[in-house]
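> fold the following for me, if possible:
(chains A and B)
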Amino acid sequence: MNQPTVSPPKAPVAPIQWMRNNLFNTWYNSLLTLAVGYLLVTSAAPLLNWVFLDATFSGESPSDCVGEGACWLFINQRLNFFIYGFYPEDQQWRINLMFGLLALSFIPQFIEGFPARRWLGIFGMTGLPILGYILIPGGSFGLESVPSHRWGGLMLTLILAYVGIFAALPIGILLALGRRSHMPVIRGFCVVFIEVWRAVPLITVLFMASVMLPLFLPEGMNFEKLLRALIGITLWQSAYMAEVVRGGLQAIPRGQYEAASALGLGYWKKMGLIILPQALKLVIPGIVNTFIALFKDTTLVLIIGLFDVLGAVQSTVTDPAWQNVAIEGYVFVAFCFWVFCFGMSRYSQNLERKLDTGHRT
Amino acid sequence: MKKIFSLAAGTATLLGVVMAGNAMANTTLENIREKGHLQCGVTSGLPGFSQPDDKGNWTGIDVDTCRAVAAAIFGDASKAQFTPLTAKERFTALQSGEIDMLSRNTTWTLTRDASLGLNFAGVNYYDGQGFLVSRELGVSDATELDGATACIQAGTTTELNMADYFRTHGMEFNALVFDTSEQTVQGFAAGRCDVLTSDRSQLAALRSKLTDPNSAVILPTIISKEPLGPVVRQGDDQWFNIVKWTLFTQVNAEELGITSANVDEMKSSDNPSIQRLLGTDGDMGEKLGLSADFGYNIIKEVGNYGEMYNRNVGPGTPLDLERGLNALWTEGGIMYAPPVR
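Prediction:
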């Protein structure tokens, strides 16, 4: 702790002074500022016009989309399909309830001092998936059954990402521990598992799960395409997760292991109480990085005919009734992904700050 | 060691029992009746053939073909459920029993019919590959396209057909391959190619995506035969017959002038052909394992072939396709169905 605890007070700077110090301090910086400024001004106006000023937001039919701007009417009219896929309209309250609970579980994690936020987070990882398992497919407790081929849109993207993320983390931790185990059979199994799954592209895994697997199974013995995709994604993701966690385990000094042993802790207590809490904290950026990558990779289910939010958009932009709405569609998808990925990224930074115990320099 | 052997033997026996159980399993029709719906494989979005609408309901001529089969079985077209499939997985999905029938813009070819364990149950749309060229080019026939650059969608038979056609005519072409049909149009609109080639049923839809649709023309040349129709698994002839005769019923109904609007009046017609088709006379349904009024249900719920065509791809729809080859044989087309008798 040889750093000063209080930074020197900032001198108040006038805007003109600030610009001279930062934007126009040398001749080439002045040139760059002018060039970038010109680009910003010339590109911002058409973009703004396209997105907001000239755009069509409401109306009845495709013919209402006139003018040069974006046709957000298309998104507006298809929004239900992009969010729920083919989920029956009178049952969509089930999905809305799940969306609400998901938000209730995870948004408070950003807000310091939100009441019972720890419990909400725990509910998000335990109660929520159980409730979702009952509520989304239905078929029990008097709920109408909605088979998985009717699921789609943003809801399917979230299901794929949620299951992939929360199932892969524990499996990944076990695999990482297994790979560092001294028992040859366990170590061998984990090494082979990780190396095999990590060495194949996700698109191949999905394709095998959807096209090859049904051929190997006896006729009539068939489990749903979505389930096959989920298992494929989880196994694939857990191999990546294992290597991220292993990186954290290796960064823990040997003294910690020895100290834990010296306290007389068994293997699981040693790992659970001493090593993993430190290791996982170290690799938060890596873990979240893998989560974000997975979230975006879920769009690959498109090739096995599942309509995630991108698939739903792609299947409708070809509608000849609408003129060139592809750009609007893709912008909408990009926005959806940005919201979730940015959220995850902010949360991880938040977590890092909170768990910081001064090891950072 | 012995234990392992007995375990293996046990597993094998169990597997054998499971498989034998499946071999004696119910017929496709019984299975469909039991689960209460027809599972049908469609494309994941092809205008006019199968595409989700604003409400997330499937529409299109391929979709209606499935709905007609559901109407024949249950008397209720809404009992058809749809699985969107990519071109690669469509046959596997059918072979593995994930779907009961495939109605996915699939071209009937010898290889597919003979080597995949599948049967094509008829043709619901006669398509063919054509060309879209920009008007400025001044081309009126495909034989003038020597040296042209063509925008093509990847992974389709279009590229092969194109190569065949140009080789037999001693012409050269450069292929510019895109991943989706959307990109193909963008490429064409940007002037990166002289000609866009695809199934003729799609060319009109693609043309309508241009900023000025009148700047391009569809050439009259058709370079391939693409008979598209529903597909079923081999080995269940009753099911094969049901799908086949559902389509035939729709074509026959158009020929006899029965529509979804007048089907109730037609029930009291004294034309014996109409009586047999609508089940007021004879036991046609029983022979297929269906109810006597299956024909009535198909027409009432989905309509005859002409209605199905006009609703999805015909004049006035965004695709705006003339009947052409798909007109009845009595009206200059080749839609012809064996008689119901």
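> could you say what helices and strands the helix or strand containing A:Leu120 packs with?
For A:Leu120, the element it lies in under DSSP states H and E is helix A:117-125. Using 3 or more CB pairs under 8 Å, 6 or more residues apart in numbering or on different chains; DSSP states H and E, the elements in contact with helix A:117-125 are helix A:92-106. All C-beta atoms are positioned from the backbone trio N, CA, C, and that covers glycine.
> by mean pLDDT, flag the weakest helix or strand of the chain.
Unless you meant another one, I'm taking chain A. helix A:213-216 (a mean of 78; mean pLDDT, DSSP states H and E).
> oops, I was thinking of chain B
Within chain B, no helix or strand scores below helix B:2-23, which has a mean of 44 by mean pLDDT, DSSP H and E.
> the stretch 1-150 of chain B against chain A: which residues are in contact?
Residues of the stretch 1-150 of chain B lying close to chain A (CB under 8 Å from any CB of the partner chain) are B:15, B:18-19, B:22, B:25, B:44-48, B:51-52, B:54-56, B:81-86, B:88-89, B:92-93, B:95-98.
> can you pull the contacts of B:Ala204?
Shown in contact with B:Ala204 (CB atoms under 8 Å, 6 or more residues apart in numbering or on different chains): A:320, B:218, B:319-321.
> quick check: which element contains the residue in the stretch 151-300 of chain B that chain A sits nearest to?
The nearest approach of the stretch 151-300 of chain B to chain A comes at B:Ala205, 4.0 Å away (CB to the nearest CB). Assessed by DSSP H and E, B:Ala205 sits inside helix B:200-207.
> over to B:Phe82?
Per DSSP H and E: strand B:80-85 holds B:Phe82.
> cool, and B:Thr249?
helix B:237-256.
> that helix close to chain A?
No: Helix B:237-256 stays clear of chain A (CB under 8 Å from any CB), getting no nearer than 14.5 Å.
> distance from that helix to the middle of the chain?
In terms of CA atoms, centre = their mean, to the nearest Å, the centre of helix B:237-256 is found 14 Å from the chain centre.
> which residues does residue 127 contact?
Assuming you mean chain A. Taking CB under 8 Å, 6+ apart as the test, A:Gly127 contacts no residue whatsoever.
> oops, I was thinking of chain B
B:107, B:199-201, B:226-228.
> quick one, phi/psi of it?
The phi/psi pair for B:Asp127 (degrees, to the nearest 10) reads phi -110, psi 170.
> tell me the pLDDT at it?
Per-residue pLDDT puts B:Asp127 at 92.
> then the one 4 residues further on?
Reading off the per-residue confidence, B:Phe131 sits at a pLDDT of 92.
> closest point of the stretch 51-200 of chain A to chain B, which residue?
A:Phe81 (4.4 Å).
> wait, is that residue part of a helix?
Yes: counting by DSSP: H, G, I helix; E, B strand; the rest coil, A:Phe81 is part of a helix.
> verify the stated contact: it with B:Gln51.
No: look at A:Phe81 against B:Gln51 with CB atoms under 8 Å: they stay out of range, at 10.9 Å.
> mind listing the shared neighbours of those two?
A:Thr316.
> residues from the stretch 201-350 of chain A in reach of chain B?
A:207, A:210-212, A:214-215, A:217-222, A:225, A:302-307, A:311-312, A:314-321, A:323-324, A:326.
> in ChimeraX, select just the buried ones from these.
In ChimeraX, a selection of the buried entries from these looks like this (16 or more other CB atoms under 10 Å in any protein chain shown):
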select /A:207,210,211,214,225,302,303,304,305,306,307,311,312,314,315,316,317,318,319,320,321,323,324,326
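> from the residues of the stretch 201-350 of chain A next to chain B, which land in helices?
A:207, A:214-215, A:225, A:311-312, A:314-317, A:326 (DSSP state H).
> for the closest residue to B:Asp64 other than its chain neighbours, grab phi and psi.
Of all residues beyond its chain neighbours, the one nearest B:Asp64 is B:Met308 (4.7 Å), with distances taken as CB to CB, 6 or more residues apart in numbering or on different chains. The phi/psi pair for B:Met308 (degrees, to the nearest 10) reads phi -60, psi -40.
> correct me, but B:Met308 touches B:Val63?
No: applying CB under 8 Å as the test, B:Met308 and B:Val63 come out as separate, 9.7 Å apart.
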